[in-house]
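A.B. asks: Sequence plus the predicted model coming up.
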Amino acid sequence: MDAFIPRMIARLATPLILALALYLFLRGHHEPGGGFIAGLVAASALVLQAVVGGRSAGAKYIPVPGWVLIGLGLFCAAGTGLIGLVLGQPFLTHYFGTVLLGGVEVELTTAQLFDLGVFLVVVGTTQSVILNISGDRGGDEEEDDAGAGREAPAAPGAGEVRVGSRPEGEGGEPWNS
Amino acid sequence: MLPTVLTLPFVAAGLVALFGHRAGSKLASVALAVPLAIFAWLVAQVGALPPGGLVWSHGWIEELGLALSFRLDGWSLLFALLIAGIGTLVLWYSRFYLGPDEDHSKFVLYLLLFMGSMLGVVFAENLLVLYMFWELTSISSFLLIGYWHEREASREGALKALVITVIGGFAMLVGLLLLSLSAGTLSVRELALKASEIQAHPFYPWIVGLILAGAFTKSAQVPFHIWLPSAMEAPTPVSAYLHSATMVKAGLYLVGRLSLVLGGTAAWTYPVVVVGLLTMLVGSYTALRQRDLKALLAYSTVSQLGFIMAALGLGTPGALGAAAFHLFNHATFKGALFLVVGIVDHETGTRDLAKLGGLRRAMPWSAAFMTLSALSLAGVPLLSGFISKELIFTSLVEAGSLMGGLAWLLPGVATVASLLTALYSFVLFHEVFDGQARGTTPRPAREASPALLLSPGLLTAVAVLVGLGPHLVTGSLIDPAASALAGQPVEIHAALWHGVNAPFLMSATALVGALAFYPARHRLRALLERLTTRWTAERAYQAFLNGLMGLAQRVTDRHMTGRLADYLLYILIAFVVLVGGTVLANGGFALRPLDLASPTVVELVLLAAMVAGTLFVVRTRSGLAAIITLGVVGYSVVLLWVHWQAPDLALTQLVVESVSVVLLLLAFVHFPKLERKPVAAGRRRLNLAVAVLSGAMVSWLSIRANGTQLFEPISQYFIENSLPLGGGRNIVNVILVDFRGLDTLGEITVLSIAALGVYMLVGSRIRRTRREAAERQEGEGL
Amino acid sequence: MELLTSLVIGLLVGAGVYLLLQREVLRVVLGTMLISHATNLMLFISGGVKRGGPPIVGRGIPTAGGGLAYTDPLPQALILTAIVIGFASTAFVLVLAYKAIQSRGSDDMEDLRSVEEPHE
């Protein structure tokens, strides 16, 4: 599994997938897409990285811990809702309008900001799950815990388990299929 | 001002909780300021209350018509004065009563909490507010009874008090809700205006029964009285305060408060009067049997509470006035008695009548206070108890005169009970203080410090002064209280001498009889011992408690197996039975014409693929194949979304399906070999049956949902307004982020919680790994 | 079409429930996924399958009345969130199962009963 070709594919595909996610996110208000879908697509790039490069590659792929993303996302979504409150409207009232930026008409909506919150939460949640499932045995789980690495630096490669290789201590023959 | 007065004890309690432990035993003297201030304010209100009382109201849960409203009228004022006044004295007393090593801050904290709750009960104008404070008093009483929590008896007594009063309180809550349903309000004042409407309502008997259950349990009426003697495990100041002067009178408060609303009918009067007099009788003869001074006082309290309850039940203006007066007197002289008994216990180390005797020489002040208060309890002229007892007798005789041939019954029972009361009252001071000093007490008797004597002394002084000059309190305090209850001005005629009439004869009979029987009291006591029946309320309570525990144990053992599959089965069976049963009962199985879209070839193919895939997932023994086949089912769903023109769904499901399959495969690596574990044949059949039935039920619901349209779909609104209101052409997205944005916010919160759950599962492992790493390093260091 | 789909939904639920009641953790996870498919489908067809264009303003199919026919957007919005929540809960159950298996070395629900933190 440590093969060259999957790694190359992953390296090439990741920017494409991310671009797709961005595209889906931006057009979500008018065309199929939006925060949920874009978040899942971005997360699928993470899955790809984790499958090919193991957990550490996945962790490198998004350097921000999942819980930070989730917090940011919730803050973003709820904060957008507060705009309405401040302006004397019900919670989560949205506003939209267009502004001219360098001669190009750009549409700005608070809904997009809300959607950004959704996007972040979806990415954060998926990231939390994936990084915790994809081979986290050993000492490298501190990676998503900021600062922990300083206290107890993991021995390089010590805890890295590639997907597909059976972790030790879980004896028995391979699954029957 | 009312809310300030009410919050003061709670605020003080908060401060005590935070800083109280620093003050040590001096805390009580500081905290004294709270009840004293309240008392002073209340005294200023005497005679100054506007008609209808002081009212303060604030909207609380307006949807439920629930207002946080309070009122201070005559009846409340009487109680509030007792609460604050006796509260002050008890706080002072307890500062010297509790040893220097005991936890004073805990005691003061609970006492302040109780004081606030009790004030809440008597101030509440809305009955639900009253209920809230009512239960708070039960809780603070529980805490206070269990103050010496290292004693088994304290814990049991606390539990018993809590169980009985809370069960009663719950019944009361149901009664209050029925009352609210029948009258549309829970404001006492509005309820009083609707009294006739309520009394004609079919709920009326239930309301009376349930509310009286609450009042009777709280005020320790037969057969719920058993908690009160057990509550005597509390420190004596608590017994004096909660279980004699104030909390146990909450039931009386409520009965009085509601007599304008619910009273005046046979359904109200008979239970209250009969239970009251029965309680009086049972309490007095049980008191006579006691050898422990506190137990004697406890049953005496039960008996006196019954006496007042009966008077309240009569409901005539005179009877209400008499009840209010006796309630006041009982609070003072019984408080004094408890505090003196506390002193005796404190100084001699025992409360056992068999060991006490001849203490008058050593403890002259205590003896004087005890004697005067006990004589007041016995109803000896020139003391307060005599006057109010006479007044209640008068009302009983009047009520009896309406009962024809049974005219003697009510006064007769009351006379017998009074005789017994006088008898044990004599015991109280005579056996303890007179006669030969036996020298059998654990500690040699000596008089308590003046500080400790102050509180009972003041209370005794009130009893004597009121006995000599009843007009000191009747005009300013008792009459307004009775007027508030009767809804009309009441003036009671308290006098030392009414001439030779029926009540006087009853009093004389009781006192003379008591004197006559006194030398024979030991034989009488032995006789009463033999009369004890096997089936006492106490046994019933124990049987009830044991039965309840046993039942709970058996039920739990039976269904809490720890198997998730079992719990799921309960849920699913309930689903099938409840939903299926409802549908069946409502004729929902009848077919209705459906407006069906005709299937297309693509749809048929996809559905067939799903059926095949599902069956394979269930049948296969290979985990890998199952995961991949499940993916096939998922992708079929994706294609259905495509076919049904739902692009957002198709995209989302596509990504979710792919990621899920990958995640499953990632996790699958760690799973042991998937082999079917044996399931008992009966269980397998049950599983299969439940699965088939659940599936059938869902199918049916789905079909039914199709044939039902209760109102016009709202989808058209979204279609039309997506662009103008939401500024987006993708209607699904606009619904998500704009029209139903709050739902989406909730949903991403759920996602976050799932992620939090993942972190918690992993977090414990992170800590463990770190600890292991640290231990390893330590090991290497050595 | 709704009738046929309803029957398939019933099959999915039945199969899902059956899997849920099994002793192997993986089967339980698969069962929840089947049930979540069934729920989504049921939500979709409960208002009747409407033929029309995708719910994007302007993309509807012209009707005889001169308007544009769309598929119903409301169930789609509901299902979209349901899919994502279903995904999150599946993922959570998966992590849970994975941890349980790691600490117990078994995927048997029987062995995972009343799990207490093993004392170290």
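C.D. replies: That came through, no problem.
A.B. asks: quick one: buried residues of the longest helix belonging to chain A?
C.D. replies: Determined from DSSP state H, the single longest helix within chain A is helix A:35-61. Within helix A:35-61, the residues that count as buried by 16 or more other Cβ atoms under 10 Å in any protein chain shown are A:35-59, A:61. (C-beta placed from N, C-alpha, C; glycine too.)
A.B. asks: quick one: that helix near chain B?
C.D. replies: Yes - interface with chain B: helix A:35-61 contributes A:35-37, A:40-41, A:43-44, A:47, A:50-51 (Cβ under 8 Å from any Cβ of the partner chain).
A.B. asks: If we check chain C, which of the buried residues of helix A:35-61 are in contact?
C.D. replies: Answer for the buried residues of helix A:35-61 near chain C (Cβ under 8 Å from any Cβ): A:36, A:40.
A.B. asks: Now name the helix or strand holding the residue nearest the centre of chain C.
C.D. replies: Centroid-nearest residue in chain C, with Cα atoms, centre = their mean: residue C:36, separated by 1.4 Å. Counting by DSSP states H and E, the element that carries residue C:36 is helix C:25-45.
A.B. asks: Give me the packing partners of the next helix or strand after that helix, helices and strands only.
C.D. replies: Following helix C:25-45 in sequence order, the next helix or strand is strand C:61-62 (DSSP H and E). For strand C:61-62, the packing partners by 3 or more Cβ pairs under 8 Å, 6 or more residues apart in numbering or on different chains; DSSP states H and E come out as strand C:68-69.
A.B. asks: Quick check: mean pLDDT of the strand it packs on?
C.D. replies: In this model, strand C:68-69 has a mean pLDDT of 82.
A.B. asks: Also stretch A:34-45?
C.D. replies: pLDDT averaged over stretch A:34-45 gives 88.
A.B. asks: How about stretch B:717-733?
C.D. replies: In this model, stretch B:717-733 carries a mean pLDDT of 83.
A.B. asks: just stretch B:511-521 next, same as before
C.D. replies: For stretch B:511-521, the mean confidence score works out to 90.
A.B. asks: Point out where the chain drops to low pLDDT.
C.D. replies: Using chain A here. For chain A, the stretches flagged by pLDDT under 70 are A:1-3, A:55, A:58, A:100-101, A:103-106, A:134-177.
A.B. asks: nope, chain C
C.D. replies: C:112-120.
A.B. asks: mind redoing it with 90?
C.D. replies: Scanning chain C for pLDDT under 90 picks out the ranges C:1-6, C:21-29, C:43-75, C:78, C:81, C:84-120.
A.B. asks: Closest residue of it to chain A?
C.D. replies: Here the residue of chain C nearest chain A is residue C:91; by Cβ to the nearest Cβ that distance is 4.0 Å.
A.B. asks: Pull the number of nearby residues for that residue.
C.D. replies: Neighbours of residue C:91 under the rule other Cβ atoms under 10 Å in any protein chain shown: 29.
A.B. asks: Would you quantify the distance from it to chain B?
C.D. replies: To chain B, residue C:91 is 6 Å away according to Cβ to the nearest Cβ, to the nearest Å.
A.B. asks: contacting residues around residue 60?
C.D. replies: I'll assume chain A. Contact analysis of residue A:60 by Cβ atoms under 8 Å, 6 or more residues apart in numbering or on different chains lists residue A:49.
A.B. asks: try again with chain C
C.D. replies: Residue C:60 is in contact with C:52-53, C:67-70, counting by Cβ under 8 Å, 6+ apart.
A.B. asks: ok, and the most crowded of the residues you listed?
C.D. replies: residue C:70 (25 neighbours).
A.B. asks: What's opposite it in the beta bridge?
C.D. replies: residue C:53 (DSSP bridges).
A.B. asks: beta partners for residue A:99?
C.D. replies: Residues in beta-bridge contact with residue A:99 (DSSP bridges): residue A:106.
A.B. asks: In terms of helices and strands, where is the residue of the stretch 251-400 of chain B found nearest chain A?
C.D. replies: Nearest residue of the stretch 251-400 of chain B to chain A: residue B:261, at 42.1 Å (Cβ to the nearest Cβ). Residue B:261 is part of helix B:259-262 when elements are defined by DSSP H and E.
A.B. asks: Helix or strand next in line after that helix, which one?
C.D. replies: Following helix B:259-262 in sequence, per DSSP H and E, is helix B:266-289.
A.B. asks: any idea of the mean pLDDT for that next one?
C.D. replies: 91.
A.B. asks: What is the subsequent helix or strand relative to that helix?
C.D. replies: Following helix B:266-289 in sequence, per DSSP H and E, is helix B:293-314.
A.B. asks: Can you list the buried residues in stretch B:432-442?
C.D. replies: B:432-433, B:437, B:441.
A.B. asks: again but with stretch A:67-77, I slipped
C.D. replies: Applying 16+ other Cβ under 10 Å to stretch A:67-77 flags A:67, A:69-70, A:72-74, A:76-77 as buried.
A.B. asks: now stretch B:348-355
C.D. replies: Quick answer for stretch B:348-355 (16+ other Cβ under 10 Å): B:348, B:350-351, B:353.
A.B. asks: so residue B:693 makes contact with residue B:575?
C.D. replies: No - using Cβ atoms under 8 Å as the test, residue B:693 is too far from residue B:575 to be in contact (9.1 Å).
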